[in-house]
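*Asks:* with the sequence up front, the predicted model follows.
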Amino acid sequence: MELGLLWSIIIGILAGFLAGYIFKGAGFGLVVNLIIGLVGSLLGGWIFGLLGLSVNSTLGVLVMSIIGALVLLWIVSLFKRK
């Protein structure tokens, strides 16, 4: 789904903030939220593709990005604890 650069940034920031809020109780700041959300979107797209799922709406892209960002934060937390 082609959302354009502005929508990708907005969804990335929102997904990063929501994932940070869910994972640790607060966001990480605008820039880090954006990075987490954008990388999470890529990871979520890859995971959804492996599962044979696709998204067809902005809300679906947001949910996919949040799930990917949560997986990313979980992976990072595994390395931080050691």
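*Replies:* Noted; the coordinates are in hand.

*Asks:* look up how far Gly4 lies from Gly44.
*Replies:* 18 Å (C-beta to C-beta, to the nearest Å). Any C-beta I mention is one placed from the backbone N, CA and C, and that applies to glycine too.

*Asks:* of these two, who's got more company?
*Replies:* Each of Gly44 and Gly4 has its neighbours counted (other C-beta atoms under 10 Å); Gly44 has more, 26 against 8.

*Asks:* what about the more buried one, which helix or strand?
*Replies:* In the assignment (DSSP states H and E), Gly44 maps to helix 30-51.

*Asks:* which residues are contacting that helix?
*Replies:* Residues from elsewhere that reach helix 30-51, judged by C-beta atoms under 8 Å, 6 or more residues apart in numbering: 8-9, 11-17, 19-20, 27-28, 54-55, 61, 64-73.

*Asks:* in helices, which of those residues appear?
*Replies:* Residues of those located in helices (DSSP state H): 8-9, 11-17, 19-20, 61, 64-73.
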